Structures are given as structure tokens and as C-alpha cells.
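Chemist: Got a predicted structure plus its sequence, pasted below:
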Amino acid sequence: MNLKEIVLRSNLYGTRNASIYGKGPGYVTAQDIILPPYVEIVDNTQHIANLT
């Protein structure tokens, strides 16, 4: 549900692949998303999940 709130920006059209890397315990935020170089996240501090 929290992934739907993340805003991405790119100058290319189409679908791109991304992955999330998190190691717990701790918080997973938008900065943990691994994106292609031409895609950026508007707010890197956005909360995604808690790992326990």
C-alpha cells in the first residue's frame, strides 16, 4: 500500500524495472529502491515498511 504513494519522475515513457533492498530490523524507505539511472524518486524519505 505504501508503494502506491511513491512519486517517480522520468523523461522516458514506458515500463521500467526496479527492486527494493532492505535489511532488518529497521525501516525501509524510498531511498532503498534501486532504480535505473534515468528514473528518480521525488521524496526519498517516504516510509515503505518496518522490518523486524
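Modeler: Received, thanks. Residues are numbered from 1 along each chain as shown.
Chemist: Run through this structure and note the low-pLDDT ranges.
Modeler: For the chain, the stretches with pLDDT under 70 are 1.
Chemist: quick one, strands of it?
Modeler: 8-10, 19-20, 26-29, 33-34, 39-41, 47-51 (DSSP state E).
Chemist: Skipping adjacent residues, who's closest to Asn2 in space?
Modeler: Ile48 (4.8 Å; C-beta to C-beta, 6 or more residues apart in numbering). (C-beta placed from N, C-alpha, C; glycine too.)
Chemist: quick one, which of the strands of the chain is nearest to Asn2?
Modeler: strand 47-51 (4.8 Å; C-beta to C-beta).
Chemist: Can I get that closest one in CSV, CA atoms only?
Modeler: Taking C-alpha atoms only, strand 47-51 is exported to CSV below (Å, rounded to 0.1, in the frame of the first residue of the first chain):
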residue,chain,number,x,y,z
HIS,A,47,8.3,5.3,4.5
ILE,A,48,7.6,1.9,2.9
ALA,A,49,7.7,-0.7,5.7
ASN,A,50,9.2,-1.8,9.1
LEU,A,51,11.4,-4.9,9.2
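Chemist: how far does that strand sit from the chain's center?
Modeler: For strand 47-51, the distance from its own C-alpha centre to the chain's C-alpha centre is 11 Å (C-alpha atoms, centre = their mean, to the nearest Å).
Chemist: buried sites along it?
Modeler: For strand 47-51, the neighbour count (16 or more other C-beta atoms under 10 Å) marks Ile48, Ala49 as buried.
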